[in-house]
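Visitor: One predicted model, sequence on top.
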Amino acid sequence: MKKLFIISSKSGRSYDETLARELLKYFDKDEIKITEKAGDTVKFAKDFRDRGGEILYIKGGDGALSEVASVLCGSDTALGLIPGGTGNDFSKNFSYKNFKLGNIFDYEISPIDLIEVNGKICINVTSLGFDTNVLRYAYDIMKRKKLGGRLGYFYGVVKSVMNLENVDLKISCLDEKNEEVNLSGSFLISALCNGSYYGNGFNPAPKAKIDDGLLNLILAEKMSPLRIASLFTSYRRGDHLGKSGVREILTRSGKISADREFLYNIDGEIYSARNLKYRILDKKLKWIYFKGVKK
């Protein structure tokens, strides 16, 4: 069995020497790769895939996971995650409470879905509006002031509330019955979810399943700062669905467009566009479920 373990050293708490030593019980030295610079994660994953690699593990955050998922999409190489970033939002779709490194080869492989967004691959959530502005402000303050993730995200939320931006959107999509849905309006948040969590623990799509062939499009209409404050806790807990101004659409593909350029993010990486085309990539990634790590 060809196997590889990548440690993403740029992700939060990912690199620690104790883990690297512990891994030598289960991997040969040349089967462990530690990233040193931008692009290493993709390079290691591509090389392993092209050599017919079977099992790839990544210890890192959502960004590193997304990079590897993009490389392995549609391939025969299976991917397993050990959380090691700041937010670790995708890992919240599972319970790692009982995970032990000694069980790393005690697993099942089952395919999960991915999203294609403007030609790029997304494993977790693509969103635009308020939450992308939160990321923009958070990344800026964390870089300038070297703040931790939680403080950075808190600053981003406060700054975004103080500088509210709603985006006028036209949405055309196919729902779970392959029927066309068209709507337009001014939206505070538009989140296209494969997984349930994003933004350092928020739960926009509590009903989302990563292997059901569907995406959960969450739409929050334009609202006042007071209304945002009242929904904030609900949005974090995942009990906001059904509340006034919040809508969920199950969708397979579609297009989101605006008259002006808007910011959006794919698994936390920020981009800008006027049009966002997306589609579900049904069961395109072989996923490793460790023993004791439940869905």
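Guide: Yep, that arrived.
Visitor: make it CA atoms for all contacts and neighbour counts henceforth
Guide: Noted.
Visitor: So what touches the lengthiest helix in the chain?
Guide: As assigned by DSSP state H, the longest helix anywhere in the chain is helix 130-145. For helix 130-145, contacts defined as CA atoms under 8 Å, 6 or more residues apart in numbering pick out 147-149, 152-157, 159-160, 164-166, 188-189, 199, 263-265, 268, 270.
Visitor: all strands for this protein, in order.
Guide: 3-7, 32-34, 55-60, 78-83, 107-117, 120-122, 125-129, 167-175, 180-193, 215-221, 246-266, 269-290 (DSSP state E).
Visitor: so which of these comes closest to Val42?
Guide: strand 3-7 (10.3 Å; CA to CA).
Visitor: Please name every helix or strand in contact with that closest one.
Guide: Applying 3 or more CA pairs under 8 Å, 6 or more residues apart in numbering; DSSP states H and E, one finds that strand 3-7 makes contact with strand 32-34, helix 40-50, strand 55-60.
Visitor: In the sheet, which strands lie alongside it, parallel or antiparallel?
Guide: Taking DSSP bridges as the criterion, strand 3-7 forms sheet pairs with strand 32-34 (parallel), strand 55-60 (parallel).
Visitor: Tabulate the ones you listed (TSV), appending mean neighbour count and distance to Arg247.
Guide: As requested, the strands paired with strand 3-7 are exported to TSV (neighbours: other CA atoms under 10 Å; distance: least, CA to CA, whole Å):
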stretch	mean neighbour count	distance to Arg247
strand 32-34	17	42
strand 55-60	23	32
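Visitor: Put together TSV for these, with distance to Tyr137 and mean pLDDT on each row.
Guide: Formatted as TSV, these follow (distance: least, CA to CA, whole Å; pLDDT from 0 to 100):
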stretch	distance to Tyr137	mean pLDDT
strand 32-34	29	94
strand 55-60	23	96
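Visitor: got these as CSV, with distance to Lys283 columns?
Guide: Formatted as CSV, these follow (distance: least, CA to CA, whole Å):
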stretch, distance to Lys283
strand 32-34, 27
strand 55-60, 17
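Visitor: These: which one's closest to Leu4?
Guide: Here strand 55-60 is closest among those (CA to CA), at 4.9 Å.
Visitor: if we can go back for a sec, the helices and strands packed on strand 3-7 into CSV, with extra columns for distance to Ile210?
Guide: Output for the helices and strands packed on strand 3-7, formatted as CSV (distance: least, CA to CA, whole Å):
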stretch, distance to Ile210
strand 32-34, 28
helix 40-50, 22
strand 55-60, 18
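Visitor: and the longest helix of the chain, how far out from the chain's middle?
Guide: 17 Å (CA atoms, centre = their mean, to the nearest Å).
Visitor: before we move on, the earlier item: Arg279: which of the helices and strands packed on strand 3-7 is closest?
Guide: helix 40-50 (22.8 Å).
Visitor: Show residues contacting the closest one.
Guide: Helix 40-50 is contacted by residues 4, 6, 8, 33, 35, 56, 64, 67-68, 71-72, 75-77 when judged by CA under 8 Å, 6+ apart.
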